[in-house]
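>>> need a structure here:
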Amino acid sequence: MTVATAGRAPATFEIKSANLPLVALLLKSADLAALSADLARRFGDIPDFFDNEPLVVDLTPLQLADATTQGLEVDFPALLTLLRQYRVAPVAARGGSAAQMASALKAGLAAAQDAVPVEPASERAAKSASKTPAPKQAPDVPAPGALIITKPLRSGQQVYAKGRDLVVMAMVNVGAEVIADGHIHVYAP
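Predicted structure coming up:
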């Protein structure tokens, strides 16, 4: 009997990491009657708003709100049934107490401790702008004028216009190289 090495055997599958778009439900209350009313108010008129999108139940707001909501028991089977009525597919939970996470796992959700809802780009930009000090204004230095070449460039020649535009008023033969930090203009017959 021969044993095929992993490198030679044809693979029937691969396991790779994936970044998937997930919707996050930031649960701010364990009161499912209130949640049901809010979902009906927001999405009742548009039943096809979600298209079976995967969803992470984020329990962090329950932990951060106040002492009365910390550690509240969430009825996960009822929550999952409610969410599925709005065509979302709950796949994971995060941010809960040990008891809440155990209850979520028992209901069939995965623990997604590293799943973080994406911040809108405008909020990210505002945060980074507030952290970054304003750059100091450099004194105005006049930009150098364009480098103007009036003679033909032969094969193998290289012209570099460092920090400015390059204007070539003659032929650039095959194999010649023109480089500029700014714009390049070639006016040749």
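
>>> residue ranges for the helices of the chain, please.
32-43, 60-65, 76-85, 98-106, 121-131 (DSSP state H).

>>> how about CSV for those helices, with distance to Phe49, mean pLDDT and mean neighbour count added?
C-beta: built from backbone N, CA, C; applies to glycine. Formatted as CSV, the helices of the chain follow (distance: least, Cβ to Cβ, whole Å; pLDDT from 0 to 100; neighbours: other Cβ atoms under 10 Å):
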stretch, distance to Phe49, mean pLDDT, mean neighbour count
helix 32-43, 5, 92, 13
helix 60-65, 22, 82, 15
helix 76-85, 12, 94, 16
helix 98-106, 24, 92, 15
helix 121-131, 22, 65, 9
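
>>> now the ones you listed in CSV, with distance to Ala24?
Formatted as CSV, these follow (distance: least, Cβ to Cβ, whole Å):
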stretch, distance to Ala24
helix 32-43, 15
helix 60-65, 10
helix 76-85, 12
helix 98-106, 14
helix 121-131, 15
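
>>> and Gln158, which of the ones you listed is closest to it?
Among the helices of the chain, helix 121-131 comes nearest to Gln158, with 40.0 Å by Cβ to Cβ.

>>> related to what we said a few turns ago, closest to Thr12 out of the helices of the chain?
With Cβ to Cβ, the closest approach to Thr12 among the helices of the chain belongs to helix 98-106: 29.1 Å.

>>> quick one, that closest one and helix 76-85 angle?
Here helix 98-106 runs at an angle of 60 degrees relative to helix 76-85 (axes from the mean of the first three to the mean of the last three Cα atoms, to 10 degrees).

>>> from the contact counts, what lies against helix 98-106?
The contact analysis (3 or more Cβ pairs under 8 Å, 6 or more residues apart in numbering; DSSP states H and E) places helix 98-106 against helix 76-85, strand 88-94, strand 110-111.

>>> select, out of these, the one closest to Val186.
Closest of the helices and strands packed on helix 98-106 to Val186 is strand 88-94, at 57.9 Å (criterion: Cβ to Cβ).

>>> so Lys151 sits against Met171, correct?
No - the criterion here is Cβ atoms under 8 Å, and Lys151 misses it with Met171 at 9.1 Å.

>>> of the two, who's got more company?
Using other Cβ atoms under 10 Å, the more surrounded residue of Lys151 and Met171 is Met171, with 13 against 10.
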